[in-house]
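Fold the following.
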Amino acid sequence: MNDSHSSEDLGATPLRFLCVCLPYAGHIYPTLGTVAALVDAGHDVRCVLDPRWRREVEATGARFIPYDRYPSDPGPVSRSLLAPRRAFATAQRVAAQERYDCLLYEALFSYGKALAVSLGLPAVRLSSTFAYTRQILENLARTGGRHLTSVMRDGPLYRMLSAQAHRKGFLQSADFITEIVDNPPDLTYVYTSRSFQIDAEEFPEERFRFIGPSLEARSSDPTRRPDLDAESPLIYVSMGTLLNRRPRFYRACIAAFADAPVSVVMSIGHGLDPARLGELPHNITVHPWVPQLDVLRHADLFITHGGMNSVNESIYAEVPMLVVPQGNDQPTVADRVEELGLGMRLDPAEATPARLQSASERVLGSQSVSAHVAAISADMRAAGGNARAVEEITRMLTRRR
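Predicted coordinates for the structure are as follows:
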């Protein structure tokens, strides 16, 4: 147990947490950062998750609990529709067998509040993207393309799924958006800074805490780190983990920066054969995966899809961005980056070699962008991170005992 906390903060015995998350990498990794911090503080954490995430959960020191009756290799429909129900049922089974002090759930698991009520447990929500108002959610549904956020568009499918979830007790409210916005738990931790949050004044401090990015569970593997010692400016290119099969975009980046006075590191994911990108110039390297935090510490520009974690990590590392959003919350995040002067947005259809080159030169040469990134970065670094979340959650639960 961490000796820096008083006995009043941590209590005489460790607390036991039940954590529920849905199987999306961008939501899992920040959550596991909080889980790792709780374990490091001496607490007992059990994580209910897709069976394929056992290794990552156990690496935090938490106990892994796979979803009951869940396919070993689920498709997108299973992930979207079956995973929340199996997570709910599994957590109910587990909680009936042992005592827990708190339910932790990532915000994508919209059944979390109803689950906590059914278990009679205090709940803490962990948000890997923005905190949501109704307007923000409706904007995500409208701009996120034909991906996960499209389910939130008001229409027959949305109303059917909402009514079904409400009837089965997964939602306390009549629909998903009302549940998320109007029926929050007592406390929500958001993995960004208040200065980056859209409409931050809508989220009172007593219920919403903005703690900056959750970095504890992010991989750092020196053996897989590319050469980052070049003297020329370093441009890092990554389209994230979900919507990253974009060979045309990667080829446009290669054409934009071939033999230019920059070094380029491209992370393209494991689902794309690098041979499809053709012969590489001397100043560009391509990798299926790189330790992103390590690369960002050396980068001068990040060309990104605009996933919330990637953007938070880029700001934290004080790296300006050129955001090429693909879908889901990424267009909204890209707009926020541009609104705050942290970089530029470039729509995928506009991402030609010429536009990529000119936009990159503009961002790299902007002192204003660098100053804005440094200011928001300082805010994120001062937000307290998971250390703050662990201390506050522990104090709250200890006082309830």
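
Where does pLDDT dip in the stretch 101-250 of the chain?
Within the stretch 101-250 of the chain, the stretches with pLDDT under 70 are 145-151, 218-225, 227, 229-230, 242-244.

one more time with 90
Counting by pLDDT under 90, the stretch 101-250 of the chain shows low-confidence ranges at 138, 140-158, 216-231, 240-246.

And the strands in it?
With DSSP state E, counting those that start in this stretch applied, the stretch 101-250 of the chain shows strands at 102-106, 123-127, 187-190, 208-210, 234-238, listed in chain order.

so how far is the first one off the chain centroid?
How far strand 102-106 lies from its chain's middle: 16 Å, per CA atoms, centre = their mean, to the nearest Å.

now do the third one
With CA atoms, centre = their mean as the basis, strand 187-190 stands 14 Å off its chain's centre.

counting contacts, what elements does it pack onto?
Under the contact criterion of 3 or more CB pairs under 8 Å, 6 or more residues apart in numbering; DSSP states H and E, strand 187-190 touches strand 123-127, strand 208-210, helix 385-400. No exception for glycine: its C-beta is placed from N, CA and C like everyone else's.

could you redo the last one with a cut-off of 6 Å?
When contacts are defined as 3 or more CB pairs under 6 Å, 6 or more residues apart in numbering; DSSP states H and E, strand 187-190 packs onto strand 123-127, strand 208-210.

will you turn the strands of the stretch 101-250 of the chain into TSV that also has mean neighbour count and distance to Leu115?
Shown next, in TSV, are the strands of the stretch 101-250 of the chain (neighbours: other CB atoms under 10 Å; distance: least, CB to CB, whole Å):
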stretch	mean neighbour count	distance to Leu115
strand 102-106	26	6
strand 123-127	25	8
strand 187-190	22	15
strand 208-210	21	20
strand 234-238	25	34
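
Can you add distance to Ala141 and give those strands back as TSV?
Formatted as TSV, the strands of the stretch 101-250 of the chain follow (distance: least, CB to CB, whole Å):
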stretch	distance to Ala141
strand 102-106	19
strand 123-127	17
strand 187-190	20
strand 208-210	21
strand 234-238	26
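
Between the ones you listed, which one is closest to Arg400.
Across the strands of the stretch 101-250 of the chain, Arg400 has its closest neighbour in strand 102-106 (9.1 Å, CB to CB).

what angle do the closest one and helix 385-400 make?
150 degrees (axes from the mean of the first three to the mean of the last three CA atoms, to 10 degrees).

now the strands for the stretch 301-401 of the chain?
Using DSSP E, counting those that start in this stretch, strands in the stretch 301-401 of the chain cover 301-304, 321-323, 343-345.

TSV for these, including distance to Thr285?
Formatted as TSV, the strands of the stretch 301-401 of the chain follow (distance: least, CB to CB, whole Å):
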stretch	distance to Thr285
strand 301-304	14
strand 321-323	19
strand 343-345	23
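
Quick one: closest of the strands of the stretch 101-250 of the chain to Ala96.
strand 102-106 (13.5 Å).

elements contacting that closest one?
strand 16-20, strand 123-127.

Nearest to Ala174, out of the ones you listed?
The closest of these to Ala174 is strand 123-127. By CB to CB, the value is 19.7 Å.

partner strands of the closest one, parallel or antiparallel?
strand 102-106 (parallel), strand 187-190 (parallel) (DSSP bridges).

Same list, these, but as TSV with distance to Pro348 please.
Formatted as TSV, those follow (distance: least, CB to CB, whole Å):
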stretch	distance to Pro348
strand 102-106	28
strand 187-190	28
